[in-house]
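> what follows is a predicted protein model with its sequence.
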Amino acid sequence: MTTKILIIGACGQIGTELTTKLRSIYGNDNVIASDIRKLNSDIVNNGIFEVVNALDYNQIEHLIEKYHITDVYLMAALLSATAEKNPAFAWDLNMNSLFHVLNLAKAGKIKKIFWPSSIAVFGPTTPRDNTPQYTIMEPSTVYGISKQTGERWCEYYHNQYGVDVRSIRYPGLISWTTEPGGGTTDYAVDIYHKALENGTFECFLSEETKLPMMYMDDAIRATVEIMQANADDVKIRSSYNLSGISFTPAEIADEIKKHIPDFTISYKPDFRQKIADSWPASIDDSSARKDWGWKHDFEMDSMTKVMLDNLR
């Protein structure tokens, strides 16, 4: 049976690159991109694109039937900093879009779901260093609360109804192809843009705020690999810890200075500092490495070179 993929939220930071990658693997005609609005972008212009509201069950069901979809990647969400400004809508979008897809799978209309979780599921009471797969989770943000709840529902639908849902907890993601998208870790994208534009950057986190990060190519590869893994190898149906690199704003600034010696950074922590302080500094992802063979490729130096080369 041909794999037919629907990506909901395809125009977002992750969705854009995921769509491109999946089309390169499965072919343009087998990967349907969708989002709430139609932007003038490569993923809209270079393949099948549909406007869909992730909160509309009937619209999603219609697309699944129209294109004989087997796999759904649900990437639509309101991210951490943005969600704090509109908690009710964030909860509605992040939770009900998931229910729609889980219920369509439960009804036998799709075979497999990818749903992203996040390090935001952890909170200030979580062990900060080498955060284990199973640990205290008391998230303090709307985004984190919705992701933690989503993990529980994914596991429930798998255990109760046999739904094949797969998930990873993304750390902060760094990419040169899309603009920063309202996340607390997005300073680590913006810093490269500002370094090249004007040689200076004002960071909204303190210089010693260490957070888990990952270059986007690694995150996309992990997403594809968990979806291609044998179902028996995917042993965790809530969400897998995923780790790449951990660094502070001061460390990434030092790395940039190796390429742009005159680069300067200043610090003006805002409301996002409190969010960052509630998150891990580093992640133990040994379960993902053991169960389906995950390993990251990019370190801070190789990522910085690729970011600056491409943004130039």
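Looks like it arrived, so ask away.

> and the pLDDT for E179?
Taken from the predicted model, the pLDDT recorded for E179 is 77.

> repeat that for the one 5 residues further on.
Per-residue confidence for T184 comes out at a pLDDT of 87.

> next, count neighbours for it.
28 (other C-beta atoms under 10 Å). C-beta here means a position set from N, CA and C on the backbone, and glycine is covered the same way.

> and it, what does it touch?
Going by C-beta atoms under 8 Å, 6 or more residues apart in numbering, T184 touches 80-81, 172, 205, 211, 272, 275-276, 279.

> and for V189?
Counting by C-beta under 8 Å, 6+ apart, V189 has contacts 174-176, 179-180.

> and it, what element?
helix 187-197 (DSSP states H and E).

> may I see the buried residues of that helix?
187-189, 191-192, 194-196 (16 or more other C-beta atoms under 10 Å).

> so which one among the contacts of T184 has the lowest pLDDT?
Ranking the contacts of T184 by pLDDT puts S80 at the bottom, with 79.

> leaving out sequence neighbours, find the closest residue to the residue lying farthest from the centre of the chain.
Distance from the C-alpha centroid of the chain, by C-alpha atoms, centre = their mean, peaks at D262 (32.5 Å). Of all residues not flanking D262 in the chain, G199 sits nearest, at 5.6 Å (C-beta to C-beta, 6 or more residues apart in numbering).

> quick one: mean pLDDT over stretch 228-246.
So the average pLDDT for stretch 228-246 ends up being 98.

> mind checking how far that stretch is from the chain centre?
In terms of C-alpha atoms, centre = their mean, to the nearest Å, the centre of stretch 228-246 is found 14 Å from the chain centre.

> okay, how far is it across that stretch, tip to tip?
27 Å (C-alpha to C-alpha, to the nearest Å).

> quick revisit: just the closest of the buried residues of helix 187-197 to S238, please.
A188 (26.3 Å; C-beta to C-beta).

> thought the closest one was touching E251?
No. Contact criterion C-beta atoms under 8 Å: A188 and E251 do not qualify, at 10.3 Å.

> stretch 295-310: which residues count as buried?
For stretch 295-310, by 16+ other C-beta under 10 Å, it's 296, 298, 300, 303-304, 306-308.

> if you could redo that for stretch 1-8, that was the one I meant.
Those would be 3-8, for stretch 1-8 by 16+ other C-beta under 10 Å.

> same question for stretch 219-228.
219-224, 226-227.

> inside helices: which ones of those residues?
Mapping the buried residues of stretch 219-228 onto helices (DSSP state H) picks out 219-224, 226-227.

> check those residues against N40 and report the nearest one.
I220 (22.5 Å).

> before we move on, the earlier item: now render the buried residues of stretch 1-8 as CSV, adding secondary structure.
Shown next, in CSV, are the buried residues of stretch 1-8 (DSSP: H, G, I helix; E, B strand; the rest coil):
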residue, secondary structure
T3, coil
K4, coil
I5, strand
L6, strand
I7, strand
I8, strand
